[in-house]
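# fold the stuff below for me.
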Amino acid sequence: MLVMALDHANLFIAHGHPRPEMWTGVFPTYTEPLPFFTRALTHLAAPGFFFLLGAGMTLFAASRAPLHWTRAQIVRYFITRGVILILLQCFVENPAWIWGAGGPFTFLALPIYLGVLYGLGGAMILGALLFWLDTRVLLALGAGLLLGTEIVIRYFANDVFRLAPVAQMLLLPGTAGPFNVLYPILPWLGVTTFGIAFGKWCVENPERAYRRALYFGVAFLVVYVPLRVWNGFGNIRAASGTGWMAFLNNVKYPPSITFLLLALGIDLTLLFALARRTCALLTAYRSPLTVFGMTSLFFYIAHLYLYGFIGRTFFPAGTGILAMYPWWLAGLIALYPLCWAYRRWKHSRASNSLWRFF
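Purely as a prediction, here's the structure:
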């Protein structure tokens, strides 16, 4: 949540957000470390969101067993929540992007941007039909979706594009017809299925699950190096430029295998460190991190409008990236009591309340 907010503060306040790391078109390059690190840190966010979405679905289902929820009730809940996420994308999140960039406040503008809430909502809807599968099947399915994305791009992209805009909504980011898609459902569903499998491990044995997170995290980072050096299959497109920044700058839209190996490798290692409280700096701020995590959707919508307001009001022409960092931290400080109060209020609602979605 924190590094995602940094990315959007960079967009709204510093106006320093690079072009997307797309599978086609001009690829962003860097010559200075600060802009690169500011962007690279934020790459931990999206894979973490989709992974934890899957884990959360499994843990939610387990928590509803004592309340005697049926499988049909749980599936219906996930489908409803997924639809709400997509509607929030179109009618609540999208106006924030336009307004925060200095435009008018409008509920619907064409092309309709389908971003992370759309991807999460779609992954939740499809995941509701999958999370009953065996763990090994889920892992194989996730790997197949990620490998399939690369195969389609390398060998069948032109054929698939004839199916636009359906191809954009499901598989390949881009703009076609009334939609501008950055988070197609199927590649990110692969990450969600990994999370569902991890959630099953957590239900069985949390300690062992976190150890597996560390093992997978380290393994992903180790595999990343030769796959990136090879610079072929698994990268979607070859590295743009030379040097260490180009080596670490991977295709995100759709997520290349190297992108996910690096980001999830770090995410899973951090997950183990936080669970075991072996990371002193992060453990010291465990409470605020937990508050933001337990109000993630509320935080997401609120931070877009907050940083959009700061940028629109105080920095309409932008500012330096370094000067943006204090404003990013100030925004987090302002959001903390709001998220704390919302968490306390929503937990007073019934277990089936719509407010629990936020």
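# point out where the stretch 251-358 of the chain drops to low pLDDT.
The model of the stretch 251-358 of the chain has pLDDT under 70 over residues 278-286, 351-352, 356-358.
# for the one helix or strand N158 maps to, packing partners?
Assigned by DSSP states H and E, N158 falls within helix 157-161. Contacting helix 157-161 under the criterion 3 or more C-beta pairs under 8 Å, 6 or more residues apart in numbering; DSSP states H and E is no other helix or strand. Glycine gets a C-beta too; all of them are placed from N, C-alpha and C.
# my read is that P18 contacts P35, right?
Yes - using C-beta atoms under 8 Å, P18 is in contact with P35, at 7.3 Å.
# anything in contact with each of these two?
Overlap of the contact sets of P18 and P35 (by C-beta atoms under 8 Å, 6 or more residues apart in numbering) is empty.
# pick out the residue closest to the middle of this structure.
A46 (2.0 Å; C-alpha atoms, centre = their mean).
# ok, now which ones touch that residue?
M4, V116, Y183, W188, K252, P255, A263.
# one more time with 10 Å
Counting by C-beta atoms under 10 Å, 6 or more residues apart in numbering, A46 makes contact with 4, 7, 115-116, 119-120, 182-183, 188, 191, 252-253, 255, 259-260, 263.
# just those: which are in helices?
Judged by DSSP state H, these include M4, D7, V116, G119, L120, W188, V191, F259, L260, A263 as members of helices.
# one step back: just how off-centre is the helix holding N158 within its chain?
Offset of helix 157-161 from its chain centre (C-alpha atoms, centre = their mean, to the nearest Å): 26 Å.
# what residues does that helix touch?
With C-beta under 10 Å, 6+ apart as the test, helix 157-161 has contacts from W23, T24, V152, I153, V166, A167, Q168, L170, L171, L172, G174, A176.
# identify the bridge partners of the residue lying closest to the second one once chain neighbours are set aside.
Once flanking residues are discounted, T24 sits nearest to G174: 7.4 Å by C-beta to C-beta, 6 or more residues apart in numbering. Here G174 sits in beta bridges with V181, going by DSSP bridges.
# closest to M324 among the contacts of A46?
Distances from M324 to the contacts of A46, taken as C-beta to C-beta, are shortest for D7 (10.9 Å).
# what's the mean pLDDT across the helix holding N158?
In this model, helix 157-161 has a mean pLDDT of 81.
# could I get the buried residue list for the helix or strand that that helix is followed by?
Using DSSP H and E, the helix or strand that follows helix 157-161 in sequence is helix 166-170. Going by neighbour count (16 or more other C-beta atoms under 10 Å), the buried part of helix 166-170 is A167, Q168, M169, L170.
# and what of stretch 89-100?
Q89, C90, E93, N94, P95, A96, W97, I98, W99, G100.
# contacting residues around the residue lying closest to the first one once chain neighbours are set aside?
The spatially closest residue to Q89, leaving aside those adjacent along the chain, is L117, at 3.8 Å (C-beta to C-beta, 6+ apart). Counting by C-beta under 10 Å, 6+ apart, L117 touches 49, 82, 84-90, 92-94, 183, 297, 300-301.
# pLDDT at L117, what is it?
At L117, pLDDT is 98.
# now do it against L87, distance only.
From L117 across to L87, the span is 9 Å (C-beta to C-beta, to the nearest Å).
# one more: Q73?
Taking C-beta to C-beta, one finds Q73 at 21 Å from L87.
# can you show me the strands along the protein?
Remark: strands assigned in the chain by DSSP state E are 112-114, 174-176, 179-181.
# hmm, who's touching the last one?
Pointing back at strand 179-181 there. So strand 179-181 is contacted by 94, 110-115, 118-119, 164-175, 253-254 (C-beta under 10 Å, 6+ apart).
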